[in-house]
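S.K.: Got a predicted model here, sequence first, then my questions.
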Amino acid sequence: MSSELTPADVVSVERIAVPVVTPAVNVVYLRRLLMHRIGIFLSFLAMTIGIFFLLWILATLFIKGFSALNIGMLTQSTPAPGSDGGGLLNAIVGSLMMVSVATLISTPIGIAAGLYLAEYGEANWFAQLTRFVTDIMLSAPSIVIGLFVYALYVANVSHFSGWAGSIAISLIAVPVVVRTTDNMLQLVPGSLREAAFALGAPQWKVAILIRLRAVKAGVITGVLLAVARISGETAPLLFTALNNQFFSSDMNKPMANLPVVIYQFAMSPYDNWRALAWGGALLITLSVLSLNILSRTIFNQKVQS
């Protein structure tokens, strides 16, 4: 018996209706896809609105700030009410002095505290309490810190001073340095520590010469970010350093500073003062922007190397 197909058999096979299987519509998948696209759209819309207002603010600041920049603003002290000319030399010098002193105070304290938390405080109740207090200080309103320094220092010495302002802003910078140092030290591989211990190195050498050196770029980044944070603080300085219309380098007296000068000049009825306020705001913005770019550059170079 032959098993070959005849032409009649082929035609009959071709005429057999083959059912078309239509995939079932997954309602759950379509609903999730719709919600996903709605979420992406809302996120993009929120980002667009945020960037629009940010660019609007920056454009206004740069337009009005650059129009106020001149040599006199950088070489003359703040003018008297109603007078023409003047500059922000005393405020710039005062801010630089107080931020420098605050950085010198907060950097060693913050790095030492972060080193202790990472190296000795893994299972220590005191270290856990320190981390908790540090997190609170990071989110604490700066005006509260200013009032604290006022009650503790200014009220007792009975006068405002640059030292009080430096102490106030250093209390803001310390938590930033502590948390950055602690977080960076946690990234050091445990094998690096074990290798150092295997060679007979004591714990303090491992902590300082091995572990801290490995993340020095990240720690420097934290210090720069802390400096950028305190450069524009106004509220603590209102209760501590106050202001000074004249040039003064005496840290034991009221001292001019850019944030407070901007705050006072921006609300004044004098056009000259308002122009100087825009110029001072631009200087602070450019300095903070430069510090952020510098910190990211240092950190990225270390990561790539």
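M.R.: In hand now; what should we look at?
S.K.: any low-confidence regions in the stretch 201-305 of the chain?
M.R.: Scanning the stretch 201-305 of the chain for pLDDT under 70 picks out the ranges 299, 301-305.
S.K.: That one: helices as residue ranges?
M.R.: With DSSP state H, counting those that start in this stretch as the criterion, the stretch 201-305 of the chain has helices at 203-205, 213-214, 216-231, 235-238, 258-266, 271-304.
S.K.: what's the second one in contact with?
M.R.: To tie it back to what came earlier, the one meant is helix 213-214. 188, 192 (C-beta atoms under 8 Å, 6 or more residues apart in numbering). C-beta: built from backbone N, CA, C; applies to glycine.
S.K.: R211: neighbour count?
M.R.: 23 (other C-beta atoms under 10 Å).
S.K.: doesn't Y120 make contact with it?
M.R.: No - using C-beta atoms under 8 Å, R211 is not in contact with Y120; the gap is 11.8 Å.
S.K.: hmm, back to that, so which of the helices of the stretch 201-305 of the chain has the densest surroundings on average?
M.R.: When those are scored by mean count of other C-beta atoms under 10 Å, the highest mean neighbour count falls to helix 235-238 (a mean of 25).
S.K.: about what we covered before: of the helices of the stretch 201-305 of the chain, which is nearest L147?
M.R.: The closest of those to L147 is helix 235-238. By C-beta to C-beta, the value is 8.6 Å.
S.K.: who does that closest one touch, helix- and strand-wise?
M.R.: Here helix 235-238 touches helix 142-149, helix 162-185, helix 258-266, going by 3 or more C-beta pairs under 8 Å, 6 or more residues apart in numbering; DSSP states H and E.
S.K.: roughly how far is that helix from the heart of the chain?
M.R.: 19 Å (C-alpha atoms, centre = their mean, to the nearest Å).
S.K.: got a list of contacts for that helix?
M.R.: Contacts for helix 235-238 (C-beta under 8 Å, 6+ apart): 98, 141-143, 145-146, 149, 165, 168-169, 172, 257, 259-260, 263.
S.K.: Which of the residues you listed are buried, as a ChimeraX select command?
M.R.: Command for ChimeraX that selects the buried part of those, burial taken from 16 or more other C-beta atoms under 10 Å:
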select :98,142,145,146,149,165,168,169,172,257,259,260,263
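S.K.: Count the neighbours of the nearest residue to T285 once chain neighbours are set aside for me.
M.R.: Excluding its sequence neighbours, the residue lying closest to T285 (C-beta to C-beta, 6 or more residues apart in numbering) is L61, at 6.2 Å. For L61, the count of nearby residues is 16 (other C-beta under 10 Å).
S.K.: who's in contact with L61?
M.R.: Per C-beta under 8 Å, 6+ apart, neighbours of L61: 278, 281-282, 285.
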